[in-house]
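got a sequence here, can you model it:
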Amino acid sequence: MTDQKLSEEKQPMEKRDLQEMLNEKLYPLGFKRKGNFWTAKTEQLTKQVDLQRSNFSPRYYINYRFIIH
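Below is the predicted model:
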């Protein structure tokens, strides 16, 4: 790979930038944040989004789950 191609590759998003982006998208949908977790609850369903850092690179995974009550 050439130096030019390396400089053109996208760099991983910083954690703070990723958190701010998720805040902007999830708060209007009724999610509340606590640490790296965003949660929206109803009587029958809990929706949860969380950030998980990779053990092998400076990247993050965005996990999404449903909990049925």
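
what about T42, distance to L26?
15 Å (Cβ to Cβ, to the nearest Å). C-beta coordinates here come from the backbone N, C-alpha and C atoms, glycine included.

and the closest residue to N23 other than its chain neighbours, what element?
If you skip the residues right next to it in sequence, N23 has R33 as its closest partner in space, 6.5 Å away by Cβ to Cβ, 6 or more residues apart in numbering. Element membership for R33 (DSSP states H and E) is strand 32-34.

what's the following helix or strand after that strand?
Following strand 32-34 in sequence, per DSSP H and E, is strand 37-41.

mean confidence for that next one?
What strand 37-41 shows for mean pLDDT is 98.

CA atoms only for the longest helix along the chain, dumped as PDB, please.
Of all the segments of type helix in the chain, defined by DSSP state H, the longest one is helix 15-26. Extracted C-alpha coordinates of helix 15-26, given in PDB (Å, rounded to 0.1, in the frame of the first residue of the first chain):
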ATOM      1  CA  LYS A  15     -15.200   7.900  21.200                       C
ATOM      2  CA  ARG A  16     -16.500  11.400  22.200                       C
ATOM      3  CA  ASP A  17     -17.500  12.100  18.600                       C
ATOM      4  CA  LEU A  18     -19.300   8.800  18.400                       C
ATOM      5  CA  GLN A  19     -21.100   9.400  21.700                       C
ATOM      6  CA  GLU A  20     -22.200  12.900  20.400                       C
ATOM      7  CA  MET A  21     -23.500  11.400  17.200                       C
ATOM      8  CA  LEU A  22     -25.500   8.800  19.100                       C
ATOM      9  CA  ASN A  23     -26.900  11.400  21.500                       C
ATOM     10  CA  GLU A  24     -28.100  13.500  18.500                       C
ATOM     11  CA  LYS A  25     -29.800  10.500  16.900                       C
ATOM     12  CA  LEU A  26     -31.200   8.700  20.000                       C
END
